[in-house]
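1. 3D model of this:
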Amino acid sequence: MSQPTPPPSEPTGAPGPGDSAAQPDPYATPGQQPYAQQPYAQQGYPQQGYPQQGYPQQGYPSSYAQGPSTTAYGDQYGYAGYPPVASRPNNTMAVVSLVAGICGLTVLFFVGSIVAVITGMMAKKEIARTGEEGSSLATWGVILGWIGIGLGVLGGLFFVLVWGTMFATIGATSYS
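-> Presented below is the predicted three-dimensional model:
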């Protein structure tokens, strides 16, 4: 079905939305002035200034207590954020222990694992004394070191058993 087309619009004499001779607002209360539209570029309302309150700035370094900062959105009062927290450095021996533990399982099979256990134990003692970070690195270095040592011992036993059995059977059959 098609919709019937509306009749052509004829001027009725009633003001349109853009006409300057607008009728009074029927919803206005008695004694109220009619609303006149302002152009889009109108002046803003005057801004009232609020008094700035000073905050105590004792205990902060002078670089963090510089007062209000200005951004693209206007003045933002208060601090820009918390001051950065100084982190403690990682213990170097703990990092060496972890790297040696990984190398002991991949590249430097038995030697890297021994280095990981020794440096991990030394790092744990040093961390307890100095309070540095890296205790978990040292722990993982020691764990990986002991795993590497255990795998090395098992591999050595397997090597000795396989080759010893092979040489024993070859020697027993050759000389009989």
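
2. name the helices or strands packed onto the longest helix along the chain?
-> Secondary structure of the chain per DSSP state H: the longest helix is helix 135-174. Secondary-structure packing of helix 135-174 (3 or more CB pairs under 8 Å, 6 or more residues apart in numbering; DSSP states H and E): helix 92-106, helix 109-130. All C-beta spots, glycine's among them, are computed from the backbone N, C-alpha and C.

3. Any buried residues in the shortest one, and which?
-> Right, helix 92-106. By 16 or more other CB atoms under 10 Å, the buried positions in helix 92-106 come out as 93-105.

4. And for the longest one?
-> Taking 16+ other CB under 10 Å as the neighbour-count basis, helix 109-130 is seen to contain the buried residues 112-124, 126-127.

5. Pick the one among those residues closest to Arg88.
-> Nearest to Arg88 among the buried residues of helix 109-130 is Ile127, at 9.9 Å by CB to CB.

6. what about the closest one, distance to Asn91?
-> Taking CB to CB, to the nearest Å as the measure, Ile127 falls 5 Å from Asn91.

7. Identify the contacts common to the two.
-> Glu133, Gly134, Ala138 (CB atoms under 8 Å, 6 or more residues apart in numbering).

8. Buried only: go through these for me.
-> By 16+ other CB under 10 Å, the shared contacts of Ile127 and Asn91 give Gly134, Ala138 as buried.

9. would CSV of the shared contacts of Ile127 and Asn91 with distance to Gly152 be doable?
-> Listed next are the shared contacts of Ile127 and Asn91 as CSV, based on distance: CB to CB, whole Å:
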residue, distance to Gly152
Glu133, 30
Gly134, 26
Ala138, 21
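
10. just to revisit the earlier point, so which of the helices and strands packed on helix 135-174 comes closest to Phe167?
-> For the helices and strands packed on helix 135-174, proximity to Phe167 was assessed by CB to CB; helix 109-130 is nearest, at 23.0 Å.

11. list the helices and strands that closest one packs on?
-> Short answer (3+ CB pairs under 8 Å, 6+ apart): helix 109-130 packs on helix 92-106, helix 135-174.

12. contacting residues around that helix?
-> For helix 109-130, using CB under 8 Å, 6+ apart, the contacting residues are 91, 93-94, 96-98, 100-105, 108, 132-135, 137-139, 141-142, 144-149, 151-152, 155.

13. Same check on stretch 91-101?
-> Contacts with stretch 91-101, where a contact means CB under 8 Å, 6+ apart, come from 108, 112-113, 115-117, 119-120, 122-124, 126-127, 130, 132-135, 137-138, 140-145, 147-148.
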